[in-house]
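Undergrad: next input, structure requested:
(chains A and B)
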Amino acid sequence: MTLALGGPGLACSAMRLRRLAAGELLGEERSRTEEHLAGCARCQATAREIEAERRDLAEALPFEELAAGVAERLARPERRPLVLRALPLALAAGLAVAVAAPFLLRLTRPEDGTRVKGGASAVLFAQEGTAVRALAPGEPIPEGARLRLSLLPAGRRNAAAFLVDADGAALLYAGPALAGPLPDAFEWTGRGTGTLLVLLSDGPLDAEALGARLEREGAGAEPPPGAESIRIQLRRGRR
Amino acid sequence: MARLTVIEGGRAEAERPGPSPSAAAPGLLEDLYRRHAPAVYGRCRFLLRDPEAAKDATQDVFARALRALPEFRAAASPATWLMRIATHHCLNVLRAARAGWRDEVRRAADGRRTPGLEPDRRELVRALLGAVPEEAREAAVLYYVDEMTQAEIALATGHSLPTVRKRLRQFLAAARAALAEACPGLALPEGDEP
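TA: Numbering: from 1, shown residues only, chains lettered A, B, ... in the order given. Next up is the predicted model:
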């Protein structure tokens, strides 16, 4: 018995159909491909597979999750010549939601200060005009910039994020530990310095009680038992 | 209370970036995702056979694309460029996992043992990848799965046409031997060399 492995036909090409689906084919090549597709059962089957891939992706890997994963990867050091290393950072500066070099902030257990669950991190993005970029550690916060926090919670179930400055503490988010950008952006209208405090926990976090404690004790307050914290220091100014 | 203004949902609608990849960078990843991520994720799932590994690989591929943005933008076909990166990446991931190819070939070829039922050609090619030389695998995926011509493969990979042809023949020779070993009685058609 013999088996066939296939390969390109005279006019059949899965890759050409992928290019058609991606909007890459133009003019005569597009017309020719569409005409062939209309009358070719083999290519119609391939086109159905391509459509099914779209549904699979939407279910398995939504954009926000992909963006968070890409951001994490771009933040990893790359073994490349020095001259090329700036490219990902320059690129990250322009991406809209979550692609950039995160602050790989260390996640520390408050009681002993050792690093745990090393994959967790937080990224602070700043949007000025239409450009969005990840802020480098210690980089001043421009006046009027829209800020958005993105989390990689490394398996923790619940998260709470606070902005703490000289005027007190404000709750930014409390709820499930989402991987990716938090739902709302914010503009910091305070002056001097501040701290973004992210608490991650497998148990529930009482945001109201935490907020009251941060109001009283500032950003250095001990996190609740079992919770882990990420701190991002803010200061006002321009680069 | 700390001083801040909450901007619900993040960016204002008027500032949402446009859909074109050539537009400002803010919309670039969203555009790449919409156009190319289904195919990249599909390729990663096809080769790796594991949804979680495929998600990781898809993110790796897009990070790689963004790092090599000038090269990506210069490609004659961004879709082909990304699929090649995805294929190459997954074949590297699979490099260490060749031991199970006999069972996979048997499973993929099983359909042929039932009269009237053809085995999935692409599944058979995928199963055979574990039994062929590394340098022949990428060309085999581009030829048999993506149905690219030898000239298109040469253009996409930067190899000469004779090299592409040589690698496809390498694949066929190894695939024939593997099939004979795993499924005696089944064979690929003779005289079907690319």
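Undergrad: now do the residue nearest to B:Leu94 when sequence neighbours are not counted against chain A, distance only.
TA: Closest residue to B:Leu94 apart from its sequence neighbours, by CB to CB, 6 or more residues apart in numbering or on different chains: B:Leu47 at 6.5 Å. Every residue, glycine included, has its C-beta placed from N, CA and C. Per CB to the nearest CB, to the nearest Å, B:Leu47 is found 13 Å from chain A.
Undergrad: for A:Phe162, see how far away B:Leu47 is.
TA: According to CB to CB, to the nearest Å, B:Leu47 and A:Phe162 sit 44 Å apart.
Undergrad: ok, longest helix in chain A?
TA: helix A:41-60 (DSSP state H).
Undergrad: what's it packed up against?
TA: Under the contact criterion of 3 or more CB pairs under 8 Å, 6 or more residues apart in numbering or on different chains; DSSP states H and E, helix A:41-60 touches helix A:14-21, helix A:27-38, helix B:28-48, helix B:51-67.
Undergrad: what is the orientation angle of the helix or strand just after that helix with helix A:41-60?
TA: Later in the chain than helix A:41-60, the nearest helix or strand by DSSP states H and E is helix A:63-75. Put simply, helix A:63-75 runs at 80 degrees to helix A:41-60, going by axes from the mean of the first three to the mean of the last three CA atoms, to 10 degrees.
Undergrad: show me what helix A:63-75 is packed up against.
TA: So helix A:63-75, by 3+ CB pairs under 8 Å, 6+ apart, packs with helix A:82-92, strand A:121-128, strand A:146-152, strand A:180-181, helix B:28-48, helix B:51-67.
Undergrad: repeat that for 10 Å
TA: helix A:82-92, strand A:121-128, strand A:131-134, strand A:146-152, strand A:180-181, helix B:28-48, helix B:51-67 (3 or more CB pairs under 10 Å, 6 or more residues apart in numbering or on different chains; DSSP states H and E).
Undergrad: so where's chain A uncertain?
TA: A:1-7, A:9-10, A:76-120, A:129-133, A:179-181, A:238-239 (pLDDT under 70).
Undergrad: distance of A:Ala154 from A:Leu25?
TA: Counting by CB to CB - A:Ala154 and A:Leu25 are separated by 42 Å.
Undergrad: neighbour count for the two, which is higher?
TA: Taking other CB atoms under 10 Å in any protein chain shown, A:Ala154 and A:Leu25 do not tie; A:Leu25 has more neighbours (19 against 16).
Undergrad: for A:Cys40, see how far away the more buried one is.
TA: From A:Leu25 to A:Cys40 the distance is 16 Å (CB to CB).
Undergrad: what ranges do the strands span in chain B?
TA: Under the criterion DSSP state E, strands of chain B are mapped to B:4-7.
Undergrad: geometric centre of chain A: which residue is closest?
TA: Most central in chain A under CA atoms, centre = their mean is A:Ala68, positioned 2.6 Å from the mean C-alpha point.
Undergrad: that one contacts A:Ala154, doesn't it?
TA: No. With contacts counted by CB atoms under 10 Å, A:Ala68 stays clear of A:Ala154, the gap being 11.7 Å.
Undergrad: helix or strand: which one has A:Ala170?
TA: strand A:168-176.
Undergrad: strand partners (parallel or antiparallel) of that strand?
TA: strand A:158-165 (antiparallel) (DSSP bridges).
Undergrad: and the helices in chain B?
TA: B:28-48, B:51-67, B:69-74, B:78-94, B:101-109, B:121-129, B:134-140, B:150-157, B:161-182.
Undergrad: related to what we said a few turns ago, give the buried residues for the strand holding A:Ala170.
TA: A:Gly168, A:Ala169, A:Ala170, A:Leu171, A:Leu172, A:Tyr173, A:Ala174 (16 or more other CB atoms under 10 Å in any protein chain shown).
Undergrad: ok, now which ones touch the second one?
TA: To tie it back to what came earlier, the one meant is A:Ala169. With contact taken as CB atoms under 10 Å, 6 or more residues apart in numbering or on different chains, A:Ala169 is in contact with A:162-163, A:194-195, A:197, A:210-219, A:221, B:1-2.
Undergrad: mind listing which of these are in strands?
TA: Per DSSP E, these map to strands at A:Phe162, A:Leu163, A:Gly194, A:Thr195, A:Leu197.
Undergrad: shouldn't A:Ala21 be in contact with B:His36?
TA: Yes. If you go by CB under 10 Å, A:Ala21 and B:His36 touch, sitting 9.5 Å apart.
Undergrad: more neighbours: these two, which one.
TA: B:His36 (25 against 19).
Undergrad: ignoring the adjacent residues along the chain, who's closest to that one?
TA: Excluding the flanking residues, the one nearest B:His36 by CB to CB, 6+ apart is B:Leu82, at 5.0 Å.
Undergrad: give me the buried entries from the contacts of A:Ala169.
TA: Those of those that meet the buried threshold are A:162-163, A:194-195, A:197, A:210-211, A:213-215, A:219, A:221, B:2, by 16+ other CB under 10 Å.
Undergrad: what's around residue 142, how many residues?
TA: In the absence of a named chain, chain A is used. Counted with other CB under 10 Å, A:Pro142 comes out at 16.
Undergrad: my question was about chain B, not that one.
TA: B:Leu142 - counted by other CB under 10 Å - has 27 other residues nearby.
Undergrad: ok, it - contacts?
TA: A:8, A:14-15, B:80, B:83-84, B:87, B:148-150, B:152-153, B:156-157, B:164, B:167-168.
Undergrad: list the buried residues of stretch B:40-51.
TA: Under 16+ other CB under 10 Å, the buried positions of stretch B:40-51 are B:Val40, B:Tyr41, B:Gly42, B:Arg43, B:Cys44, B:Arg45, B:Phe46, B:Leu47, B:Leu48.
Undergrad: just the ones in strands among the contacts of A:Ala169 now: which is nearest chain B?
TA: A:Leu163 (4.4 Å; CB to the nearest CB).
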